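S.K.: please find the sequence and the predicted model below.
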Amino acid sequence: MKKLLRFMRQMKPIGKTEAVEVYSTHSDDFLGIIHWRCGWRCYVMSYAENIEMSASCHDELNDYMKELEVERKKRLKNENQE
């Protein structure tokens, strides 16, 4: 299946958890940024203005955010074991 979104991890993490810029592979438009929301204890997507996304795009976005959470849990577990 063709990827609809391109994810670019930011070089400088915001706080302890990195943020990820999201772009359309079709138009290369900036769609928003994935970042950690402390109060919610999960990754969220903050959309750029006037962004519309299909269900397929949302599925791809949600899968990517789930992967980020798995990576974060592994990293925290490793840090706690050291």
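M.R.: Nice, thanks for sending it over.
S.K.: okay, the longest strand seen in the chain in PDB with CA atoms only?
M.R.: For the chain, the longest strand by residue count, based on DSSP state E, is strand 30-37. The C-alpha trace of strand 30-37 is given here as PDB (Å, rounded to 0.1, in the frame of the first residue of the first chain):
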ATOM      1  CA  PHE A  30       3.000  20.400   6.000                       C
ATOM      2  CA  LEU A  31       0.000  18.800   7.800                       C
ATOM      3  CA  GLY A  32       0.900  19.200  11.400                       C
ATOM      4  CA  ILE A  33       3.100  17.900  14.200                       C
ATOM      5  CA  ILE A  34       2.900  14.900  16.500                       C
ATOM      6  CA  HIS A  35       4.000  15.600  20.000                       C
ATOM      7  CA  TRP A  36       3.700  14.200  23.500                       C
ATOM      8  CA  ARG A  37       0.800  15.700  25.600                       C
END
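S.K.: what's it packed up against?
M.R.: Applying 3 or more Cβ pairs under 8 Å, 6 or more residues apart in numbering; DSSP states H and E, we find strand 30-37 packed against strand 20-24, strand 42-47, helix 55-81. All C-beta spots, glycine's among them, are computed from the backbone N, C-alpha and C.
S.K.: go again with 10 Å.
M.R.: Here strand 30-37 touches strand 5-9, strand 20-24, strand 42-47, helix 55-81, going by 3 or more Cβ pairs under 10 Å, 6 or more residues apart in numbering; DSSP states H and E.
S.K.: what's the average pLDDT for it?
M.R.: On average, the pLDDT along strand 30-37 is 93.
S.K.: show me where pLDDT drops low in the chain?
M.R.: Residue ranges of the chain with pLDDT under 70: 1, 13-14.
S.K.: repeat that with 90
M.R.: Counting by pLDDT under 90, the chain shows low-confidence ranges at 1-2, 10-18, 36-42, 50-55, 75-82.
S.K.: middle-most residue in it, spatially?
M.R.: Using Cα atoms, centre = their mean, the residue of the chain that lies closest to the mean C-alpha position is residue 34, 3.6 Å off.
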